[in-house]
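S.K.: got a sequence here, can you model it:
(one chain, ligands or ions: 1)
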Amino acid sequence: MSQQDACLRAPSVAATEIAGHAAHCRFCGLVLRHTFVDLGMSPLCQTHIELHQLNHMEPFYPLHVWVCHGCFLVQLEQYVAPAEIFSDYAYFSSFSDSWVEHARRYTEAMTQRFGLGRHSKVMEIASNDGYLLQHFVRAGIACLGIEPAANVAAAAVSKGIPTTVQFFGVAAAQRIAPEHGRPDLLLGNNVLAHVPDINDFVAGMKLLLGERGVITMEFPHLQQLMEQNQFDTIYHEHFSYLSFTTVERIFARHGLTLFDVEELPTHGGSLRIFARHANDASKSVTRNVVALRERELAKGFDRVETYSGFREQVLETKRKLLEFLIAAKRAGKTIVGYGAPGKGNTLLNYCGIRQDFLDYTVDRSPHKQGRYTPGTHIPILHPDVIAQTRPDYILLLPWNLEQELREKLAYVQAWGGKLVVPIPQLRVLSDR
Ligand SMILES: [Zn+2]
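M.R.: Here you go, the predicted model:
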């Protein structure tokens with residue numbers, strides 16, 4: 001068969017197989033055949049570029065999300081080593097007041113529910129700068145933070161929170177257990193979705209957890225991502241998009257049982273799961289678990305077709321946003337952005353929004369001011385510039401903060417400025 005014949009036959013074969021490379025499910029190992037959504041090529045969302053880099057090349061990686069037809073894990077392939085992303089991380093959790101408060105309420109609830117005290121031991125995976133463990137330390141409970149980024153771990157240690165610098169998995173658990181013992185509470189917030197080897201990660205937790213211990217994890221819920229059209233929460237650092245049913249399956253394979261679950265409003269809608277050793281009969285499985293499992297089954301999370309409609313939803317959002325922006329520019333209006341969050345990067349790159357639509361965006365973080373958005377090169381300025389330039393429209397990139405920003409930006413009404421929310425669908429907020 002000539003090379004030309006092979007090319008003519010190509011449409012019947014999955015593109016990944018033609019390239020001699022097939023992506024495999026990171027949980028069950030099946031070859032991935034079903035696209036959830038393909039957002040094209042995008043740069044890493046935290047690489048805000050400096051003035052002198054504007055003429056340089058930038059690495060772009062595919063944002064192609066798959067759904068496994070065996071276990072229904074929605075996932076991105078790993079293109080960038082976690083060490084490259086997380087070793088010198090710029091995100092310090094303590095800079096967000098609402099997140100620290102969320103952590104404080106959590107520590108109180110867990111202390112009460114599981115009777116934690118001076119006899120107990122708590123460990124947190126991806127403990128960041130100690131934003132959460134500080135509350136346990138204050139209560140006299142022995143703690144250990146496990147954090148891969150040395151710079152944020154150093155901030156925790158300086159606050160008196162014992163922290164070990166490592167990526168978590170089986171090897172880390174084998175090092176930690178003999179030295180620090182086994183925790184009564186092992187927790188991790190927004191880390192499960194960010195680990196490339198989810199089997200090694202969950203196996204490590206199984207190994208480390210005390211005999212009667214409890215694991216809690218928080219992660220964005222796939223159901224919310226799909227129903228609320230949150231496709232901009234897809235970025236390279238975020239490898240897995242998790243339903244309750246799939247997480248339950250992953251934990252079960254490693255001898256862990258989910259015995260409770262809570263639904264939280266954080267990050268556009270998250271789950272907090274509670275796990276224990278499968279043979280620990282001291283904690284029975286709650287109604288919440290049964291109810292959520294049944295709800296996901298009723299919604300078809302165990303059928304590949306359920307996932308196939310998402311792509312069209314995303315395309316329609318892009319068309320509506322561009323229609324609005326084009327009409328506004330034709331009418332001679334000025335448009336700027338608010339915020340430079342990771343999700344903004346996905347939205348701007350996928351929709352091809354550059355300075356042709358947004359004159360600039362603003363961000364409170366001094367670390368981002370004076371830089372440019374990755375890939376799209378929109379200047380990031382100080383928020384005060386909005387009052388100076390009086391734009392007609394302000395596109396809110398961190399749409400999850402809509403309530404907070406409505407109040408903070410109420411002053412734009414003085415010149416008839418309007419706020420625009422892109423997700424779940426485009427809305428121009430009317431004056432109150
Ligand atoms: Zn799978």
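S.K.: after the longest helix belonging to the chain comes which helix or strand?
M.R.: In the chain, assigned by DSSP state H, the helix with the most residues is helix 310-330. Tracing the chain past helix 310-330, the next element assigned as helix or strand by DSSP states H and E is strand 335-338.
S.K.: what ranges in the stretch 51-200 of the chain fall below the confidence cut-off?
M.R.: 82-96 (pLDDT under 70).
S.K.: okay, strands next: where are they in it?
M.R.: With strands called from DSSP state E, counting those that start in this stretch, the stretch 51-200 of the chain shows them at 61-67, 74-76, 121-125, 142-147, 163-165, 185-189.
S.K.: now distance to Y131 too, for those strands, in CSV please.
M.R.: Glycine gets a C-beta too; all of them are placed from N, C-alpha and C. As requested, the strands of the stretch 51-200 of the chain are arranged in CSV below (distance: least, CB to CB, whole Å):
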stretch, distance to Y131
strand 61-67, 29
strand 74-76, 27
strand 121-125, 10
strand 142-147, 10
strand 163-165, 12
strand 185-189, 9
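S.K.: out of those strands, deepest packed?
M.R.: Compared across the strands of the stretch 51-200 of the chain, strand 121-125 shows the largest average neighbour count, a mean of 26 (mean count of other CB atoms under 10 Å).
S.K.: so T389 sits against T334, correct?
M.R.: Yes. In terms of CB atoms under 8 Å, T389 counts as a neighbour of T334; the distance is 7.4 Å.
S.K.: who has more neighbours, those two?
M.R.: The neighbour count for T389 versus T334, taken as other CB atoms under 10 Å, is higher for T334 (15 against 12).
S.K.: list the contacts for that one?
M.R.: Taking CB atoms under 8 Å, 6 or more residues apart in numbering, we find T334 in contact with D359, T389, P391, D392, Y393.
S.K.: hmm, which of the residues you listed are the buried ones?
M.R.: D359, P391, D392, Y393 (16 or more other CB atoms under 10 Å).
S.K.: among those residues, which one lies nearest to the ion?
M.R.: Proximity of the buried ones among the contacts of T334 to the ion, judged by CB to the ion, is greatest for Y393, which lies at 42.6 Å.
S.K.: which one is that closest one nearest to, not counting chain neighbours?
M.R.: Once flanking residues are discounted, Y393 sits nearest to I335: 4.5 Å by CB to CB, 6 or more residues apart in numbering.
S.K.: how many residues are close by the one you found?
M.R.: 19.
S.K.: ok, it - contacts?
M.R.: Going by CB under 8 Å, 6+ apart, the list of residues near I335 reads L325, A328, K329, F357, L358, D359, P391, D392, Y393, I394, L395, V420.
S.K.: which ones among those residues are found in helices?
M.R.: Those of the contacts of I335 lying in helices (DSSP H): L325, A328, K329.
S.K.: for PyMOL, write a command that selects the buried ones of these.
M.R.: In PyMOL syntax, the buried subset of these is picked out as below (16+ other CB under 10 Å):
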select buried, resi 325+328
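S.K.: what lies in contact with the longest helix of the chain?
M.R.: Under CB under 8 Å, 6+ apart, the answer for helix 310-330 is 35-39, 226, 229, 231, 335, 350-353, 356-357, 392-393, 420, 422-426, 428.
S.K.: the residues you listed in strands, which ones?
M.R.: Using DSSP state E, the members of those that fall in strands are T35, F36, V37, D38, L39, I335, Y393, V420, V428.
S.K.: coming back round to it: out of the contacts of I335, what pair is the most spread apart?
M.R.: The span of the contacts of I335, defined through CB to CB, is set by K329 and I394 at 14.9 Å.
S.K.: count residues in the vicinity of A109, would you?
M.R.: Neighbour number of A109 under other CB under 10 Å is 13.
S.K.: go on, the one 5 residues further on?
M.R.: When neighbours are counted by other CB under 10 Å, F114 registers 18.
S.K.: contact partners for the closest residue in space to it that isn't next to it in sequence?
M.R.: Excluding its sequence neighbours, the residue lying closest to F114 (CB to CB, 6+ apart) is V214, at 5.9 Å. By CB under 8 Å, 6+ apart, the contact set of V214 is M110, F114, D184, L185, L186, F274, A275, R276, K283.
S.K.: done for today, thanks.
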